[in-house]
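Visitor: can't give you the sequence, but here's the structure:
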Ligand code: TYM
């Protein structure tokens, strides 16, 4: 059976880009593959953080993932820090990745420019991500467009390791959805929608109430002219709304433009589709949030399942590397 792995960071609030670019695919793949999904708390340590906030965010993100449709009976859902092999294997990945490869990662370049304190972990972050993926003999990694480069690096690391030390890792491929893979900011459609713009008018959060969602779409930046058509180069704002509307209603962005005459109609239709998409997710989230002990119980089961696979892979890694057994 195909093995699927993906992860999401418990930093900032989950937004529409995370849902359309990744989570919806995660949910759909539960029916056709052996799926493993991870709340990557160790990745949240690459920037200075508040410990209480991290603890709360890890639990609440797990609840939001379940509310979005992940079913712990059908997938393995766990927290990265509960499985020690991730950190241990990350060191092996750091020693397999080239310095130049890590330096070329665009996310590192972007984030190191905007942060005052740049940790070593921010630089080696893609090596930890490679460990996450390779520990599970992963065939497919469902992600948004912004993770493509990290998955390419993971493939290169896996192939290099296999050729140096013998067949050890499965070489994974990225699975990127045809629509919604790169949801842009509603105020700055040249930038992707992002968690770090929390609270900003350009980001739709999964827990925004309907009034907030309608307001944000109403204020969304559109382009000159007045024709509703999909043209990402000349009409980035309108095209982003069409992508969101298409992804939310299961159509291509071009098809979503059908019957829409004015920008105002497009904004209203997109807001309505997103409100309807999020309504059941929000209702389920509020039920789950009332019972944190149940979430912790689910995470313990998930960690046990994940650990079993990760430990077996890492034993193989240790042995092939020539690390002395006990
Ligand atoms: P993170 O937490 O930033 O994002 C989680 C997922 O959401 C996707 N995404 C988007 N998709 C479309 N439009 C957007 N504006 C948008 N913003 C985010 C991301 O592509 C991602 O799929 N490094 C990863 C977490 C990670 C991981 C892994 C992923 C750690 N280990 C192993 C896959 C496999 C990250 O920071 O995602």
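Guide: Thanks, I have it. Note that the coordinates shown come from a computational prediction; the quantities given were computed from them, not determined experimentally.

Visitor: all contacts plus neighbour counts: C-alpha atoms, from now on.
Guide: OK.

Visitor: what comes up buried for stretch 89-101?
Guide: Across stretch 89-101, burial judged by 16 or more other C-alpha atoms under 10 Å covers 89-90, 92-94, 96-97.

Visitor: swap in stretch 104-121?
Guide: Of the residues in stretch 104-121, those buried (16+ other C-alpha under 10 Å) are 105, 107-108, 118, 121.

Visitor: Show me the helices in this structure, by range?
Guide: Using DSSP state H, the helices found in the chain span residues 16-18, 24-29, 51-67, 85-96, 99-103, 106-114, 120-134, 148-165, 210-218, 236-249, 253-256, 263-289, 292-321.

Visitor: can you redo the ones you listed as CSV with distance to the ligand and mean pLDDT?
Guide: Output for the helices of the chain, formatted as CSV (distance: least, C-alpha to the nearest ligand atom, whole Å; pLDDT from 0 to 100):
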stretch, distance to the ligand, mean pLDDT
helix 16-18, 4, 98
helix 24-29, 9, 97
helix 51-67, 10, 97
helix 85-96, 10, 98
helix 99-103, 14, 97
helix 106-114, 9, 89
helix 120-134, 4, 98
helix 148-165, 8, 98
helix 210-218, 16, 98
helix 236-249, 10, 97
helix 253-256, 15, 97
helix 263-289, 15, 98
helix 292-321, 14, 98
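
Visitor: Need those helices in TSV (columns: distance to residue 230).
Guide: Converted to TSV, these look like this (distance: least, C-alpha to C-alpha, whole Å):
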stretch	distance to residue 230
helix 16-18	19
helix 24-29	23
helix 51-67	31
helix 85-96	41
helix 99-103	35
helix 106-114	27
helix 120-134	34
helix 148-165	24
helix 210-218	17
helix 236-249	5
helix 253-256	6
helix 263-289	12
helix 292-321	42
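
Visitor: Which residue would you name as the spatial centre of this structure?
Guide: For the chain, the residue nearest the mean C-alpha position is residue 8 (4.3 Å; C-alpha atoms, centre = their mean).

Visitor: Excluding chain neighbours, give the residue nearest to it in space.
Guide: In space, and not counting its chain neighbours, residue 8 is closest to residue 39: 5.3 Å by C-alpha to C-alpha, 6 or more residues apart in numbering.

Visitor: Test my guess that residue 237 contacts residue 225.
Guide: No: using C-alpha atoms under 8 Å, residue 237 is not in contact with residue 225; the gap is 11.7 Å.

Visitor: So between these two, which is more surrounded?
Guide: Neighbour totals were compared for residue 237 and residue 225, and residue 237 leads with 24 against 8 (other C-alpha atoms under 10 Å).

Visitor: Contacts only, for that one.
Guide: For residue 237, the contact set (C-alpha atoms under 8 Å, 6 or more residues apart in numbering) comprises 186, 189, 220-223.

Visitor: do residue 183 as well
Guide: 16-17, 20-21, 192-193, 240, 243-244.

Visitor: confidence score at it?
Guide: On pLDDT, residue 183 comes in at 98.

Visitor: now do residue 12
Guide: Reported pLDDT for residue 12: 87.

Visitor: Spatially, and excluding backbone neighbours, which residue is closest to residue 130.
Guide: residue 154 (4.8 Å).

Visitor: ok now do residue 79, which residues does it touch?
Guide: Counting by C-alpha under 8 Å, 6+ apart, residue 79 has contacts 38-41, 58, 299, 303.

Visitor: For PyMOL, write a command that selects the buried ones of these.
Guide: Once 16+ other C-alpha under 10 Å is used to decide burial, the buried members of the contacts of residue 79 can be selected in PyMOL as follows:
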select buried, resi 38+39+40+41+58+299+303
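
Visitor: Centre of the chain to stretch 273-284, how far?
Guide: A distance of 19 Å separates the centroid of the chain from that of stretch 273-284, by C-alpha atoms, centre = their mean, to the nearest Å.

Visitor: Stretch 72-85 too?
Guide: On C-alpha atoms, centre = their mean, the centre of stretch 72-85 falls 15 Å from the chain's centre.

Visitor: repeat for stretch 64-82
Guide: For stretch 64-82, the distance to the chain centre is 13 Å (C-alpha atoms, centre = their mean).

Visitor: on that earlier part again, look up how far residue 176 lies from the residue nearest to residue 8.
Guide: Going from residue 39 to residue 176 by C-alpha to C-alpha, to the nearest Å gives 19 Å.

Visitor: Likewise for residue 55?
Guide: Distance of residue 55 to residue 176, computed by C-alpha to C-alpha: 30 Å.
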